[in-house]
Structure formats: structure tokens, C-alpha cells
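Peer 1: Predicted model and sequence below, questions to follow.
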Amino acid sequence: MAKANNDKVTIDLFVDQPRRGRPRTNPLPRSEQLRINKRKQLLRDKQQGKKRIELKTDRQLHQQLTDLAESLNCSRGELVEAVVKVALAREDTFLPAVINLIKSGEN
């Protein structure tokens, strides 16, 4: 029986041919792996007492935060968390500036 090079259905004909690439280490498909890992990450965050906050910004602010975080060797989330903590610690100077910014409509 002759074999075609593109026929990969008949396994016994290809036993002696090495397969290309790294062998699979996880039997689950990638999408399922991502869902499981995300679930584990959320459980870790919950055990650490962390809550999720979503923030939408314009591209310019996003890029500024990314650049600053890279220069400080931290994640963007860690940087935003630190900025918010410092701002809330200085509430007497911070809060009026935020109120003025919101009222001006520049946010």
C-alpha cells in the first residue's frame, strides 16, 4: 500500500517519522486552558482580598501609563493602584482638583 505524504490519518504508516514541534503537554485545547487559568487567577486575587476595577481611558493616557510603568519596571495595574493610593492619601489637595476636572468636562 502506497502512502501519500499529506495523508496523516493512517497512524501506523507514520510511526517511524518524527512529528514536528514540541509535543503537547496538556490534553485540553488552548481556549479551555485559558478559561481554567483565568478562573485560578480570580480565585488567587479573591484570596488576597483584591477587587476588580475596570477603567476606560483614551489612547494617549493609556500610552503614558504604559510608558511610565515600563520605566518603573512594574505593571500598569500596579502603577494605577499606587497613583490612586497616593491621591487618596492627599485628599485635601486631590479632591478639589478632581471635582474641577469633572465639572469642566475634560475627563
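Peer 2: Noted; the coordinates are in hand. Everything numeric in this text was worked out from a predicted model, so none of it was measured. Numbering: from 1, shown residues only.
Peer 1: C-alpha coordinates for whichever helix in the chain runs longest, PDB please?
Peer 2: Longest helix in the chain by number of residues (criterion: DSSP state H): helix 30-47. Coordinates of the C-alpha atoms in helix 30-47 are reproduced here as PDB (Å, rounded to 0.1, in the frame of the first residue of the first chain):
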ATOM      1  CA  ARG A  30      -5.900  26.300  24.400                       C
ATOM      2  CA  SER A  31      -9.300  28.100  24.900                       C
ATOM      3  CA  GLU A  32     -10.100  25.700  27.700                       C
ATOM      4  CA  GLN A  33      -6.700  26.200  29.300                       C
ATOM      5  CA  LEU A  34      -7.200  30.000  29.200                       C
ATOM      6  CA  ARG A  35     -10.500  29.700  30.900                       C
ATOM      7  CA  ILE A  36      -9.100  27.500  33.700                       C
ATOM      8  CA  ASN A  37      -6.100  29.700  34.200                       C
ATOM      9  CA  LYS A  38      -8.400  32.800  34.400                       C
ATOM     10  CA  ARG A  39     -10.600  31.100  37.000                       C
ATOM     11  CA  LYS A  40      -7.500  30.300  39.100                       C
ATOM     12  CA  GLN A  41      -6.200  33.800  38.800                       C
ATOM     13  CA  LEU A  42      -9.600  35.200  40.000                       C
ATOM     14  CA  LEU A  43      -9.500  32.800  43.000                       C
ATOM     15  CA  ARG A  44      -6.000  33.900  43.900                       C
ATOM     16  CA  ASP A  45      -7.000  37.500  43.700                       C
ATOM     17  CA  LYS A  46     -10.000  36.800  45.900                       C
ATOM     18  CA  GLN A  47      -7.900  35.000  48.500                       C
END
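Peer 1: So which elements touch the next helix or strand after it?
Peer 2: Per DSSP states H and E, the first helix or strand lying C-terminal to helix 30-47 is helix 59-71. With contacts taken as 3 or more CB pairs under 8 Å, 6 or more residues apart in numbering; DSSP states H and E, helix 59-71 sits against helix 76-89. Backbone N, C-alpha and C define where each C-beta goes, glycine included.
Peer 1: Let me see the mean pLDDT of the helix it packs on.
Peer 2: The average pLDDT within helix 76-89 is 90.
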